[in-house]
Structure formats: C-alpha cells, structure tokens
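S.K.: got a predicted structure plus its sequence, pasted below:
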Amino acid sequence: MKKLFLFILLTCNLTNAQDFSDSWEGLFSFTTIVDIEESATSVYAASENAVFIYDLSSRTFTTLTTINGLSGDEISQIHYSEDKSLLVIGYENGLLQIVDQDGEVIDVVAIKDKQVIPPDNKRINEFKESGDLIYIATDFGIAIYNLSRLEFDDTYFIGDNGAQIEISSIEIYQDFLYASTSSSGVRRASITDPFLIDFMNWSQINGSLFSEVTSFNSQLFGLSLSRQVFQLGTANFQPTATTINAVAIDAHTSDVFFTVATPNAIQVFDTNFVEILSLTSLGGFNYNFTQAISLGNDLFIGTEENGMIRVNIQDQTDFEFIVADGPTRNKAFSITASPDELWVAYGDHDELYNPFPLERLGVSHLVGEEGWTNFEAADVLNIASISTITINPDNSDEVYLNSMHDGLLEFADGLATTLYGINNSTLESILPPATDFVRISNSVFDNQGNLWSLANKVDNALNRRTPSGQWTSFDVSEEVASIAIDQGITRIVANNNGTIFFGTIANGLVGFDPATNQFANLIDDVGLGNLVNSYVTTLRLDLSGQLWIGSNQGLRVLFNPNSMFSENPSDARSIIIEDTNGIPRELLADEAVTDIEIDGNNNKWIATASSGAFLFSPSGRETLFQFTTDNSPLPTNSVNDIAIDESTGKIYFATDKGIVAFQGERSSKPQDDLENVRAFPNPVRPGFDGNVTIDGLTDRARVKITDIEGNLVYEAVSQGGSIPWDTRSFSGNKVASGVYFLFISTSDNIETTVSKLMIVR
C-alpha cells in the first residue's frame, strides 16, 4: 500500500531583533510566571511577555523585555541550552526568539507566518533538546530546529492521515521519540528513522490522554488527565498506584527529584517515586501555582500573582519571593506622572463606562531610583475599578484614586485617608440609598486648588471640593437632559481661568464656567460644535489654551474654548495635513484616540487604540514620531494612556501588555520670568552625544548662543519652557571646546539674562 504523508517546509526567516535600550526603558510586571528553566549558574523565569534571569551566586536580576528585542507577545514556554549557551523562547502565536550569551535576540518567524497552519494552532507547548536539534511540541505537531545552524529541520504532522494534531508534551527515551497528543493518546517513532516525517511510521502505544510525558531515573512516565501516574512497560504505558492532586500543569525532573506542578499544589517524588513533599501553602498562605523545578535541595516555584518563590525541600519554612522589580500587572489601564514618579491604575471599564465585572487590584507607584511599591486592594480600602489617578499639583504626596464603583479615595503619603462617597460629600450613587455604585471616572485640580470630579449616571455629575474641604455639586442635566441616562462621562480638564471642560460618550463636549454658573454643550453638528462625533474619549488643553479633543473616530481642535459660552460658539476644527502623495487629509481620521498629552514645548503626544502613539508638532501639522511595534519596544499598537514627567522628559506609554518609557528631550512648562534659567548638562564632558537642554524659559523666549569671541553659533525661539541644542553650529558641525554664552530675552524684550555653558570635547 502506498504511504501518504504531508510535508510542509518551514523556512528559516531569521531576523535580528532591535535593541532599544539606549532610549527606552521597560516597566514590565514579573508577577505572573509561565515557565521556569535553570542553568548551572542561573534560574530563568518567563513572565507573560518578558524574562528575568536570577543569578544564583550574586542573587541579582537581569531582565529581557521588548527593550532588548523581545516581541511583547505572550510567552508559552522557554528552554535554556547549556551546551549552546542559548535561551529559546516560544510564544502562543508560534514565534521563536533565540537569545545568545551576548544578549542578541534572533527572531524565527517561520511557524508564526506559516499560512497553512491556523493562527490558533501555533502555540509552542514544550522543548526537548537532543544534540544540535531541539524538538518543539506545538498545537499542530512537532517541529525540529537546528540550534547550531539556526534553521528548521523537518516538521512532523502525526495525526490520523497526516493531520495536524496538538502535541502537549514530548520526550526522547531509548531511541524513541514519544509525543503526548490531545486526542489520541501517546504516539511514538524511532528517533533513528529517517522518515519520521511520514505519519505512518508513528504508532499509538497508549489511548489515555497525558498532560506530560517525561523520563526519570531510567524510566518513562506519563501524567494522565485522570490524575494517575503511568509507567512505560514492555510495550505500552501501565497505570501505577500513584496519583497526583490535580491535572498536571508541568513536570520537571532532576537526578533525584520528580516535581509536578498543579494549580493548587507542588508534589515532589524521589527516585523510587515515593512522594516526599506535597506543598499546598507557604507561611499560611495559598498560591496559584504555574511551574516548579528542583535545583539541588531547593524548589523554584512559579505563581500567577506572586512571582517566583524559592523554598527548601527539607524545610518549607525556609522560603523567599524572587521577582524582578516591577508593577503588579502588565495590564495598565491608566497612568499619571509627577516629577520622578509614576502611578498606575488597573481598574478598567468597557466603552460604555460599565466597570463590571468589578476588579479590586490596588495601584502601583514608581519613585525614581527607589523602584516600585505595589499597593494591594486592602491598602486602598478594597475599592473596585480604580480607572484613573489624580495627583495634587501642589503636593505630589497627595493623590486621589477615582473608582468606578466606590467613589473617590484620598491617598496621602502611601496611606488611604478618606473615601468620599454619599455620606461625606456631594457624590451620589446611581442606586440610592446604596453607598456603593458611586462611579467616578476622572478628576482634576484647577489653579485655585479646587478638586473637580466627574460622577457617572447621575444628574449632579460635576462635583467640586475646595481646599478647605467644602463640597458642591452641579446639575449637568440643565444643559444635557440625558446625562443620568447615558452611560459615560470621560475626562475632565480646567483652564487657567478655572473654566471646566469634560467629555461624554453620547453628548459631546460639556463646558462649565464657575464664575457665571453657566453650562455649554458642543456636539457633532456643524454650527453646534463640529466634533467628529458625540463620543469624546479624551481632551487636553495645550499651552496656548487650545482644547484638543479626541474621539473614537478622530481628532478635533477647539481654538477658542471660552467661545462655548457665547451666543456664537466657535466650531472645532480638524487638522489638515498632506500625505506622502501630497493629497490633503484629516489628521488621525477614523483613529480611536485614547489619550492626548502636551509636553513643555507644546508638542502633542497622542495615543491610539490600534496605531501606536504619535508625537505631533505644536500645530499638529508635522508628525515628529509614530511609535509602533515595528519601530519601538511598544508591546502592542493599542496604547491606553500616556504620561509625561516634565522633570526628566520621560514619556510613559501604558498598554494591556506592559508599560514602556521613552527618554525624550527634557521639556518644561514656560515660566513667568527668566530667574531660573539653566543649561544641563553643564559642563558638557567628553563622550556626551546627547542634547543640551536649556530650560526655565518663558514662552517664545529667544536664545542666542555665541562663542567667547562673540560669534553667533546657534539661535532658537522656545515653544514652551525649554529648548534642546545638539551642540552644533549653523554649519552642522559640533562646536569646539570652550565657554559659550547664552543670551536670552523674553518675547517682548522686557527681560533678559545671560548664562554660561562650558563644552569639553
């Protein structure tokens, strides 16, 4: 009978991943561990989309993230080749990345890009190294990769008639390759057979379904989905008297221990397969386990929410948490920055601002060189769905957590102080007399120190708390009758006059002038606002007082926001630019804008739901950057939020797959005078290749830089409170060593100052 088999060649498709460590920083979470591997000197722990390496002797960490070239996709399995000094990373989408001992990352996209394999069948489930080859168990079959030549060998489709079939686990034992399948038990073939690609050379030796098949102490074992341990006999697997606590997630073997990880227990067996440890808790607490390996007399255990734990097998009171510094979760819903600090909120809501199902996830706080402090739910009074965080601009130790279920929590100096709700403020519940269901989506401080907060699904949607603690509510339904019926009120800003503007998801833009108690409303009709649509996702006032308005379908700019309160309000305008073909088009047309931020130079940083993040010039007519997964370490093109630290120039991007930070030019808001002008760094030392930042400027201040003989080498006008200088003259060449004078004047020439800058080449 003629044998039929399917052959698909996986071409290599190697690319070197980019390293972004010069300009970017990764702020990823390492609390969810998906796999653990060991070498002679280190333990490798894979989190959702990053890896940390724990050096056993120095007890220090090295991290691998998108900054170093990892893809940002979901990791499913890792393997360390001691022989080749290579770390192999497998992903849910079939991507392979290989990291050498110098940290260079190689992308292997053959599986990921192979169209004949369905996208949901490409998961990497397990690795098994043998000589130069590494056998890869996947959701479609077995792929073989040559670690020496860095190229794919054969691919085995061993299902019936050569069909694709999920392989959960593989093992090489006594010259046979064993594969545990998802639907037809264990199949095997001789590892020396040159025609393993032919499915007919694979035989089924066991009908039971195994989650793991692995060798230990010169025997081959299988862990069945019925929780029973099987052992290979002369021809097939036979059940033993040993059972495990639950279906095994993973199994690991050493010379002396067989370790099984289940969601609620870690079991360790000796060489006689006698259980010597069943670990269900540590220090009186239970954990959700994901992985466990034994290394000497220690277990290294992965958990879903607490990182990696080392525990002594003989003495379980000897344990410690081992996790690289980072926030609680990768799924960052919103972020807020103050000088050298960052706050992260995780409580999301859907597009209609419905927070259910409720999540009580706490918040995270990053402080400069001190690192991360993660506040658990109990630390924030167990309030749910903290969607945004507001920092008092006059006191960065005083922050307010905006909960979409429990009201507004004052959080000062790292402690929860007062939870504002229906009993101690004007905030209202959507289900009175219930004390919860107080949905606060956002809040902002005005320049008088008043805190304005937005309450969803109530008539009195706008609330003010004065610095003395007095609360006042304002009935928005007088202007927008359906405000309590419609689902969402989005973001709020206050201008220098104390005027309030906020967005809605069904009624466009609402403005409120506290001086006259007057509301105004702009919608998407021409002559009534000309917004893109009535769903305002975000808004921000720039340094010129213009209101930039984002929607789920584009962008508008209201050049005179205060005209809202006049008899003839101005319409918002689109920004028209020319595309690469010279054809006029609307800026960000049909893009879902998720956030807008303004830096000290009045540039616009804009986050989108599908196209990454943009940096536009002050007018919006020039695109300075577009950051995507292709040209940056963004782990996804869906960016939830942006925050700017004006003291450092660092730009933070929050996504569902982690936070990354771009070290932009240091910029600051314009000052009222020139008393605090400075240049940094000063002096410029040999080897420095960045920009000198001159800050403390007034808006549109003129800066002239001359050498010591009075020759003009550079001139610029600030667009905010600072300007960068690349230390080049008008000719484009780096200026020579020496002392340079900075002559600075305000735009009206009323005030001037002179400063010095030393450059040493």
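M.R.: Sure, I can see it.
S.K.: so which residues of this protein form helices?
M.R.: Counting by DSSP state H, the chain has helices at residues 110-113.
S.K.: could you find the closest non-adjacent residue to residue 719?
M.R.: Of all residues not flanking residue 719 in the chain, residue 601 sits nearest, at 4.5 Å (Cβ to Cβ, 6 or more residues apart in numbering). All C-beta spots, glycine's among them, are computed from the backbone N, C-alpha and C.
S.K.: what residues are up against the one residue sitting closest to the centre of the chain?
M.R.: Closest residue to the average C-alpha location of the chain: residue 658 at 1.3 Å, with Cα atoms, centre = their mean. Residue 658 is in contact with 26, 27, 28, 29, 49, 50, 65, 66, 72, 330, 332, 635, counting by Cβ atoms under 8 Å, 6 or more residues apart in numbering.
S.K.: let's see it at 7 Å
M.R.: When contacts are counted by Cβ atoms under 7 Å, 6 or more residues apart in numbering, residue 658 is found next to 27, 28, 29, 49, 330, 635.
S.K.: show me the two of those that sit farthest apart.
M.R.: 27 and 49 (12.6 Å; Cβ to Cβ).
S.K.: the residue nearest to residue 719 contacts residue 724, correct?
M.R.: No - judged on Cβ atoms under 7 Å, residue 601 makes no contact with residue 724 at a distance of 8.7 Å.
S.K.: domain parsing for this protein?
M.R.: 14-261, 262-326, 678-759 (automatic domain parsing).
S.K.: go through the ones you listed and pick out the most buried.
M.R.: Among these, domain 14-261 has the highest mean neighbour count (mean count of other Cβ atoms under 10 Å), at a mean of 19.
S.K.: how far is that one from where the chain is centred?
M.R.: Remark: domain 14-261 is offset 26 Å from the chain centroid, using Cα atoms, centre = their mean, to the nearest Å.
S.K.: now do the same for that domain: mean pLDDT, whole number.
M.R.: When pLDDT is averaged along domain 14-261, the result is 95.
S.K.: output the domains of the chain in CSV, with distance to residue 465 appended to each entry.
M.R.: Formatted as CSV, these follow (distance: least, Cβ to Cβ, whole Å):
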stretch, distance to residue 465
domain 14-261, 31
domain 262-326, 33
domain 678-759, 29
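S.K.: you'd agree residue 635 is up against residue 66?
M.R.: Yes - under the criterion of Cβ under 7 Å, residue 635 makes contact with residue 66 at 5.2 Å.
S.K.: what is in contact with those two at once?
M.R.: Shared contacts of residue 635 and residue 66, defined by Cβ under 7 Å, 6+ apart, are found at residue 72.
S.K.: in the stretch 351-500 of the chain, which spans are strands?
M.R.: Secondary structure of the stretch 351-500 of the chain, counting by DSSP state E, counting those that start in this stretch: strands at 363-367, 371-375, 386-392, 395-403, 407-412, 415-420, 440-445, 451-455, 462-465, 471-474, 489-494, 500-504.
S.K.: now do the first one: distance to the chain's middle.
M.R.: Mean C-alpha position of strand 363-367 versus that of the full chain (Cα atoms, centre = their mean) differs by 14 Å.
S.K.: equivalent analysis for the last one, please.
M.R.: Per Cα atoms, centre = their mean, the displacement of strand 500-504 from the mean C-alpha position of its chain is 27 Å.
S.K.: could I get that strand in CSV with only the CA atoms?
M.R.: The C-alpha trace of strand 500-504 is given here as CSV (Å, rounded to 0.1, in the frame of the first residue of the first chain):
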residue,chain,number,x,y,z
ILE,A,500,-14.1,73.3,33.3
PHE,A,501,-14.4,71.1,30.2
PHE,A,502,-15.3,67.4,30.1
GLY,A,503,-16.2,64.8,27.6
THR,A,504,-19.1,62.4,27.3
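S.K.: compute the inter-axis angle for it and strand 440-445.
M.R.: 160 degrees (axes from the mean of the first three to the mean of the last three Cα atoms, to 10 degrees).
S.K.: mind putting the strands of the stretch 351-500 of the chain into CSV with mean pLDDT, mean neighbour count and distance to residue 122?
M.R.: What follows is those, written out as CSV (pLDDT from 0 to 100; neighbours: other Cβ atoms under 10 Å; distance: least, Cβ to Cβ, whole Å):
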stretch, mean pLDDT, mean neighbour count, distance to residue 122
strand 363-367, 98, 21, 32
strand 371-375, 97, 16, 33
strand 386-392, 98, 23, 34
strand 395-403, 97, 21, 39
strand 407-412, 97, 22, 44
strand 415-420, 98, 16, 45
strand 440-445, 98, 23, 39
strand 451-455, 98, 25, 43
strand 462-465, 98, 22, 50
strand 471-474, 98, 16, 54
strand 489-494, 97, 23, 38
strand 500-504, 98, 25, 40
